[in-house]
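# I would like the atomic coordinates for the input below:
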Amino acid sequence: MDLEIITIPATRGVQSGMEYYVAMLPLRSAGQLFQVDYFNLPPEERSQRIPDKKRVETISKWITDNPTNYLLPALTGSIEGEMVFEPWPDYPKVGILKISAGATLHLLDGQHRNESLRQAVRKKPELASEAIAVVLFQDKGLKWRQEAFALVNLTGKPPAKSLGQFYAGTPEAVFTREIVELIPSLYQYTEKDKNSLGGKENTKLLVYTWIHSANQQMRLGKYETQDKDMAYCKAFWEALLKYTQPWQKVFEGELTPNKVRDDYRCSHAVSIQALALIGKELNDLTPEQLIKKLAPLSKVDWHKSNPQFQGRIMNEEMKMLTKANNIRLLANYLKSVIGIELSADDAALEASMTISGK
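Model (predicted):
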């Protein structure tokens, strides 16, 4: 082995017949040790995808914004070069991993985390002494690394966005979770495990990620407005639950959630997004004023056959239209019911629409 070595305390294990090592590395080292070769090489010459810059920035910001409340899974890599594990006499699975300074460390999993750590430590140097777990294998060449990347990344199934948001500890996630938990019927009829309401056996009317997105759209998001935002968004959902007639019929046992999802359009992402546009426009109202303002929503016919939905969110084959303009067109209709004047842009969009039968 080279005279210059990197020494890392590590634990030794065996997986698939191969020895591997688990170590703790300071964040300053973890972000620098691994070779970054995926930006300028074609796929056949590398073993990693090119990191998504936006995702890297999101993770980095999450780390720096939550220095006492972040959690990162281990990085997984391989060592291409000389390495020796020297066990402690009384504990053969614990010891010192010595890596030649001329060796190359490749990432098999965690390139977004790795790039995020680089950025986070630059922005917040005090994080440099904190640690992340690293799993290291003896490298067996490019083809092996490519196969290992596929095995690690392509066989796993990421959790549903709704569940991730429900479990998350960020201020935005906590905000939505508190609102949902404060309103019993909202909590009972919100799907938190999945991103959709598919399946006849599903007993829900709303998807958690819809609620979360709507809240982020409506709230001002400033620290000093936290209480105002909470009261406003809570009132918004209470009003929708009260004034959406198909939902009320579910609460009273007259309809099933499955019937509402099949025959009505209130339990659809497009409708929630349209209502959120209205909520955003009215967020200078007090909670009491908002509830009163939204009362005319009780007159909306949410049945999919409503002629007002044709050309807005339903096509001639009775299929949902889900583009941004369809969301705005539905919001326009709901605004007319509530009594909100359309902006010049919304009025122009309304004028450009041809509704079947009109």
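
# tell me the domain ranges of the chain?
5-154, 161-352 (automatic domain parsing).

# Please, where are all the strands along the chain?
Along the chain, counting by DSSP state E, strands occupy 5-15, 18-26, 75-80, 83-88, 91-100, 104-109, 131-138, 190-191, 206-207.

# deepest of these, which one?
Of the strands of the chain, the one with the most neighbours on average (mean count of other C-beta atoms under 10 Å) is strand 206-207, at a mean of 24. Every C-beta, even on glycine, is put in place using the N, C-alpha and C of the backbone.

# Now do the helices for the stretch 201-350 of the chain: every range, in order, please.
All helices of the stretch 201-350 of the chain, identified by DSSP state H, counting those that start in this stretch, fall at 208-218, 226-243, 245-251, 257-263, 269-281, 287-293, 324-338, 344-352.

# Make a markdown table out of those helices and add distance to L72 and mean neighbour count.
Below are the helices of the stretch 201-350 of the chain laid out as a markdown table (distance: least, C-beta to C-beta, whole Å; neighbours: other C-beta atoms under 10 Å):
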| stretch | distance to L72 | mean neighbour count |
| --- | --- | --- |
| helix 208-218 | 22 | 21 |
| helix 226-243 | 27 | 18 |
| helix 245-251 | 40 | 18 |
| helix 257-263 | 38 | 17 |
| helix 269-281 | 31 | 21 |
| helix 287-293 | 38 | 15 |
| helix 324-338 | 35 | 19 |
| helix 344-352 | 43 | 12 |
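
# With distance to R28 and mean pLDDT as extra columns, can I get those in a markdown table?
Listed next are the helices of the stretch 201-350 of the chain as a markdown table, based on distance: least, C-beta to C-beta, whole Å; pLDDT from 0 to 100:
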| stretch | distance to R28 | mean pLDDT |
| --- | --- | --- |
| helix 208-218 | 33 | 95 |
| helix 226-243 | 34 | 94 |
| helix 245-251 | 53 | 97 |
| helix 257-263 | 51 | 95 |
| helix 269-281 | 42 | 96 |
| helix 287-293 | 48 | 96 |
| helix 324-338 | 43 | 96 |
| helix 344-352 | 50 | 91 |
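
# Could you save those as a markdown table and add columns showing distance to A160?
Shown next, in a markdown table, are the helices of the stretch 201-350 of the chain (distance: least, C-beta to C-beta, whole Å):
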| stretch | distance to A160 |
| --- | --- |
| helix 208-218 | 8 |
| helix 226-243 | 21 |
| helix 245-251 | 23 |
| helix 257-263 | 18 |
| helix 269-281 | 14 |
| helix 287-293 | 30 |
| helix 324-338 | 22 |
| helix 344-352 | 33 |
